[in-house]
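Participant: fold the following and give me the result.
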Amino acid sequence: MRVYEIAKELAISSKEILSALEKKNIVLASHMSQISDDTIKVIREIFGKKKSEIKPTEAQQKGNPEPMLTTKHTPTEEKKGAAFIDSTKDLSLPEGLSNNQPQEKVSIKQSFLKAEDLQELEREPQVQEKVSKILISKGFIQKPFVKKRQRRFRRRQRQVFHKEQDFKAPVTEITLTKSLSVGQTAQLLGRPVGDVILALLKKGMACNINHLISVEVIQQLATSYGIKSTMAQQETTSTKKIAHTEGITRWPIAVVMGHVDHGKTTLLDYVRKMNVAGGEKGGITQHLGAYEVDSTHGKIVFLDTPGHEAFSFIRERGSRITDIAVLIVAADDGIKPQTVEAINHAKAAGVPIIVAINKIDKVSSTAAIETIKRQLVKYELMPEDWGGQTIVVPISAKTGLGVNELLEMIILQAQMMDLKADPTAQAKAFVLESRMEKGFGPVATVICTQGTLKQGDFFICGTSTGKVRLLKNSFGQKVTQAPPSQPVQVIGFDNFASIGDYLTVVPMQQYLDVKSKQSTVTSVTQSEASSVAQLPKQHDKHAKKSHSNQNINLIIKTDTRGSKEAIMDSIDKLIKQNKDIKCPIRVVVSTIGDVSEGDVELAENTDAIILTLHVRTEKNAMLMAKEKGVNLQAFDIIYKMLEYLQELLNSKREVVTIWKKVGEASVRKVFDIKGVGIIAGCYMRDGIMTNKSKVECVRNGRVIGEAKITSLQRDKKSVKEIHAGYECGFVTESFKDWAEGDTVVCYIEEKEK
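Facilitator: Prediction:
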């Protein structure tokens with residue numbers, strides 16, 4: 001049984017159980033730790049359950065009690081006790097002890113335990129070796145199987161590590177600000193990683209080098225090494241994730257990350273019972289969405305990030321404000337480049353990763369799941385059932401299999417993190433996305449990180465300001481306020497908000513002061529909000545003349561700022577990848593909103609192509625574009641737009657024409673026909689001759705003329721080509737001085753890019 005399972009049974013949190021056990025000197029790693037029957041008995045006693053309710057294990061029901069050490073004694077005490085047994089002259093076990101009485105082993109060790117002799121015994125390797133042999137022979141412990149070569153390699157590693165450590169000054173004092181991994185803790189304490197892992201094992205915590213440990217545990221380790229530890233007076237402000245130690249419990253924020261088409265949006269469709277993927281063109285999420293999910297285990301806020309490579313920076317923003325990363329990996333596809341990128345973003349954000357292996361309904365055996373687990377190990381994500389700390393849940397987002405367990409794991413992980421926020425503090429919210437919405441102007445999707453955002457609040461947000469006129473939740477419903485962790489759409493921005501900025505509620509006077517200062521400066525966001533950015537007429541005409549054949553001029557129109565940034569980022573990559581093309585891309589202007597007549601006029605003046613993503617073209621603008629011959633390309637999926645640009649670039653590559661020799665013929669007869677001209681009758685000796693060939697006339701070893709064929713005939717019929725062994729006649733456009741015995745060399749035109 002695991003901690004979270006008995007917590008669920010007793011209707012209490014896993015954290016309460018772990019805290020209560022720690023007071024009893026029983027330290028467990030997490031809510032996923034396995035617990036013994038003795039520990040279950042302690043838990044039930046603490047939380048008021050009767051002994052009669054304790055269920056015996058399967059082995060005990062069969063009359064064969066399980067050999068188990070009581071958890072009230074630390075591993076260190078047991079080890080020392082075992083060592084002291086064999087330190088006596090007579091190493092035989094007390095009478096009546098046999099391998100069939102495993103429950104008495106602990107009490108025997110305890111009866112021989114004498115603290116004053118332990119230090120001396122630990123210095124005697126011979127005694128410890130003798131102890132181990134006898135305990136193995138009597139069935140107390142199992143003999144570890146370690147190859148000699150492995151032992152020598154580990155010994156050399158320890159020697160090298162300790163030599164390196166000798167040159168470092170001992171650490172006497174440390175300052176702590178947050179939880180650290182075991183490796184980082186060892187470096188901070190100036191101790192070998194192996195020593196720190198061993199010290200944690202003695203506390204009952206089985207950890208690897210990447211496992212995160214709390215500040216309290218680090219302080220305990222520092223004390224045991226005689227190192228003074230202090231906490232930083234001010235909490236470090238970080239935009240990487242929301243972390244509050246005071247206030248009330250808030251909803252966890254989980255970001256769904258992974259490769260394109262691995263089922264991220266399909267998973268959200270299932271838990272929200274809404275067909276989001278159906279509303280996305282091509283089944284690809286184009287925006288960063290935030291959604292509330294009211295599961296049976298509690299509320300969760302999900303961030304759905306796009307999977308296409310153009311949205312790399314958007315995925316990174318999603319991981320910056322999340323508490324937990326849910327990594328989606330398709331069982332039938334495995335780990336892909338964007339999966340690795342998502343892992344790196346989550347690690348950089350310092351958030352725990354829960355892996356959901358999706359599409360298990362498409363695989364016939366568990367071998368595919370095991371393969372993915374092996375792949376995860378390469379990226380330092382050791383599955384829990386393999387002895388690591390990463391929770392891996394097989395699911396099918398399509399059928400719902402395993403989804404309930406995944407939600408439960410997210411809630412349990414959140415309980416362990418003890419997420420809190422102060423709803424009474426000054427409201428502050430993170431901007432996920434901004435866009436232009438008809439009838440409302442610039443709007444933004446935000447998540448409150450502290451305080452409560454209310455309708456009527458004045459705010460500043462980077463270079464933008466505004467007053468909250470309206471709030472909408474993720475279901476499109478109007479709300480009057482947004483507590484911490486709740487995603488809402490804010491209507492009331494004076495101009496576009498920058499993605500990644502923080503919206504901060506301020507007094508009205510401060511809002512007015514900031515707005516008055518900004519009104520004197522023409523900001524970039526204000527120009528973006530306008531329907532078109534006009535250029536001077538003279539400059540436009542000059543641009544048309546000078547760039548029409550040298551540049552690909554573009555006008556970009558998108559619905560959101562995030563999409564616009566993704567396109568601009570992708571265009572930069574295209575330019576770098578196509579440096580050899582002497583026709584660079586030039587973005588005349590990129591704005592947010594529908595295509596207007598002003599956009600069409602600007603495109604005509606600058607000889608630009610209008611590219612749109614998720615926006616409409618006004619009726620008058622469409623008519624104007626057709627009338628003036630402006631190229632307007634509308635797209636619903638970003639990679640289709642990028643493919644179009646790549647094809648456009650390829651068409652602008654410089655073409656080199658070469659003539660390739662393909663055959664030879666001999667002139668046997670020359671005819672001068674009235675109305676037709678000079679016809680050279682030939683026999684093809686080698687290769688081919690086509691009706692588009694260029695031919696050379698070679699006489700007495702030198703070229704005396706060349707021309708293109710205008711007509712090629714065989715048996716009085718026009719043909720496209722003649723092969724070796726056949727006779728033909730041809731007429732050339734300029735050279736007419738053909739004679740019997742001339743050699744005809746045939747060439748065809750080839751283009752090289």
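Participant: for the closest residue to residue 292 other than its chain neighbours, the count of nearby residues, please.
Facilitator: Once flanking residues are discounted, residue 292 sits nearest to residue 474: 5.1 Å by CB to CB, 6 or more residues apart in numbering. For every residue, glycine as well, the C-beta is placed using N, CA and C. Neighbourhood size, residue 474 [other CB atoms under 10 Å]: 19.
Participant: hmm, residue 474 is touching residue 293, no?
Facilitator: No - applying CB atoms under 8 Å, one finds residue 474 not in contact with residue 293, separated by 9.1 Å.
Participant: which ones are touching the residue nearest to residue 292?
Facilitator: 289-292, 487-488 (CB atoms under 8 Å, 6 or more residues apart in numbering).
Participant: likewise for residue 492?
Facilitator: For residue 492, counting by CB under 8 Å, 6+ apart, the contacting residues are 466-470.
Participant: what about it, which helix or strand?
Facilitator: strand 487-493 (DSSP states H and E).
Participant: likewise for residue 435?
Facilitator: Residue 435 belongs to strand 428-437 when assigned by DSSP H and E.
Participant: now residue 639
Facilitator: With DSSP H and E as the test, residue 639 turns up in helix 638-651.
Participant: tell me which residues in that helix are buried?
Facilitator: For helix 638-651, burial by neighbour count (16 or more other CB atoms under 10 Å) applies to 638, 641-642, 645, 648-649.
Participant: wait, which of those residues is closest to residue 674?
Facilitator: residue 648 (51.2 Å; CB to CB).
Participant: does the closest one touch residue 552 like I think?
Facilitator: Yes - the pair residue 648 / residue 552 is scored as a contact, 5.9 Å apart, by CB under 8 Å.
Participant: what touches both of those two?
Facilitator: With CB under 8 Å, 6+ apart, residue 648 and residue 552 have common neighbours residue 609.
Participant: where along the stretch 351-500 of the chain do the strands fall?
Facilitator: Secondary structure of the stretch 351-500 of the chain (DSSP state E, counting those that start in this stretch): strands at 353-358, 391-394, 420-421, 428-437, 441-450, 453-454, 458-461, 464-473, 478-479, 481-482, 487-493.
Participant: oh sorry, the question was meant for the stretch 201-350 of the chain
Facilitator: Secondary structure of the stretch 201-350 of the chain, counting by DSSP E, counting those that start in this stretch: strands at 212-213, 228-231, 248-249, 253-258, 289-295, 298-304, 324-330.
Participant: packing partners for the helix or strand harbouring residue 605?
Facilitator: Assigned by DSSP H and E, residue 605 belongs to helix 597-606. With contacts taken as 3 or more CB pairs under 8 Å, 6 or more residues apart in numbering; DSSP states H and E, helix 597-606 sits against helix 537-547, strand 552-558, strand 585-592, strand 608-613, helix 619-628.
Participant: list the neighbouring strands of the second one plus their orientation.
Facilitator: With DSSP bridges as the test, strand 552-558 is paired with strand 585-592 (parallel), strand 608-613 (parallel).
Participant: hey, what's the angle from the shortest one to helix 619-628? Just curious.
Facilitator: Spelled out, it's strand 608-613. Interaxial angle of strand 608-613 relative to helix 619-628 (axes from the mean of the first three to the mean of the last three CA atoms, to 10 degrees): 140 degrees.
Participant: export the helices and strands packed on helix 597-606 to a markdown table and append columns for mean pLDDT.
Facilitator: Compiled in a markdown table, these are given as follows (pLDDT from 0 to 100):
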| stretch | mean pLDDT |
| --- | --- |
| helix 537-547 | 41 |
| strand 552-558 | 91 |
| strand 585-592 | 86 |
| strand 608-613 | 92 |
| helix 619-628 | 90 |
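Participant: how about the ones you listed, which one is nearest residue 663?
Facilitator: strand 552-558 (40.6 Å).
Participant: just the buried residues of the helix or strand following that closest one, please?
Facilitator: Downstream of strand 552-558, the next assigned helix or strand under DSSP H and E is helix 561-577. Neighbour counts over helix 561-577 (16+ other CB under 10 Å) mark 561-567, 570-571, 574 as buried.
Participant: and the angle from helix 561-577 to helix 638-651?
Facilitator: 30 degrees.
Participant: chain center to helix 561-577: distance?
Facilitator: Between the centre of helix 561-577 and the centre of its chain there are 18 Å (CA atoms, centre = their mean, to the nearest Å).
Participant: check which helices and strands it sits against.
Facilitator: If contacts are counted by 3+ CB pairs under 8 Å, 6+ apart, helix 561-577 sits against helix 312-320, strand 428-437, strand 552-558, strand 585-592, strand 608-613, helix 638-651.
Participant: for that helix, C-alpha coordinates in PDB please.
Facilitator: Written as PDB, here are the backbone C-alpha positions of helix 561-577 (Å, rounded to 0.1, in the frame of the first residue of the first chain):
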ATOM      1  CA  ARG A 561       0.400  38.800 -30.600                       C
ATOM      2  CA  GLY A 562       1.700  35.300 -29.800                       C
ATOM      3  CA  SER A 563       1.000  34.100 -33.300                       C
ATOM      4  CA  LYS A 564       2.600  37.200 -34.800                       C
ATOM      5  CA  GLU A 565       5.800  36.700 -32.800                       C
ATOM      6  CA  ALA A 566       5.800  33.000 -33.800                       C
ATOM      7  CA  ILE A 567       5.600  33.900 -37.500                       C
ATOM      8  CA  MET A 568       8.300  36.600 -37.200                       C
ATOM      9  CA  ASP A 569      10.600  34.100 -35.400                       C
ATOM     10  CA  SER A 570      10.000  31.500 -38.100                       C
ATOM     11  CA  ILE A 571      10.700  34.000 -40.900                       C
ATOM     12  CA  ASP A 572      14.100  34.900 -39.200                       C
ATOM     13  CA  LYS A 573      14.900  31.100 -39.300                       C
ATOM     14  CA  LEU A 574      13.900  30.900 -43.000                       C
ATOM     15  CA  ILE A 575      16.200  33.800 -43.800                       C
ATOM     16  CA  LYS A 576      19.200  32.200 -42.000                       C
ATOM     17  CA  GLN A 577      18.500  28.800 -43.700                       C
END
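Participant: tell me what angle that helix forms with strand 441-450.
Facilitator: For helix 561-577 against strand 441-450, the angle by the same axes, to 10 degrees is 100 degrees.
Participant: ok, back up a step: mind checking which of the contacts of residue 492 are buried?
Facilitator: By 16+ other CB under 10 Å, the contacts of residue 492 give 466-468 as buried.
Participant: ok so, going back, redo the helices and strands packed on helix 561-577 as JSON lines? Include distance to residue 701.
Facilitator: JSON lines is the format used below for the helices and strands packed on helix 561-577 (distance: least, CB to CB, whole Å):
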{"stretch": "helix 312-320", "distance to residue 701": "65"}
{"stretch": "strand 428-437", "distance to residue 701": "76"}
{"stretch": "strand 552-558", "distance to residue 701": "50"}
{"stretch": "strand 585-592", "distance to residue 701": "53"}
{"stretch": "strand 608-613", "distance to residue 701": "55"}
{"stretch": "helix 638-651", "distance to residue 701": "44"}
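Participant: can you say which of those is nearest to residue 252?
Facilitator: Of all the helices and strands packed on helix 561-577, helix 312-320 sits nearest to residue 252, with 14.2 Å by CB to CB.
Participant: any stretches of the stretch 101-250 of the chain with poor pLDDT?
Facilitator: Residue ranges of the stretch 101-250 of the chain with pLDDT under 70: 101-169, 204, 210, 232-246.
Participant: pLDDT at the residue most central in space within the chain, what is it?
Facilitator: Residue closest to the average C-alpha location in the chain (CA atoms, centre = their mean): residue 342, at 1.6 Å. Note for residue 342: predicted pLDDT of 84.
Participant: separation between it and residue 259?
Facilitator: Using CB to CB, to the nearest Å, residue 342 is found at 8 Å from residue 259.
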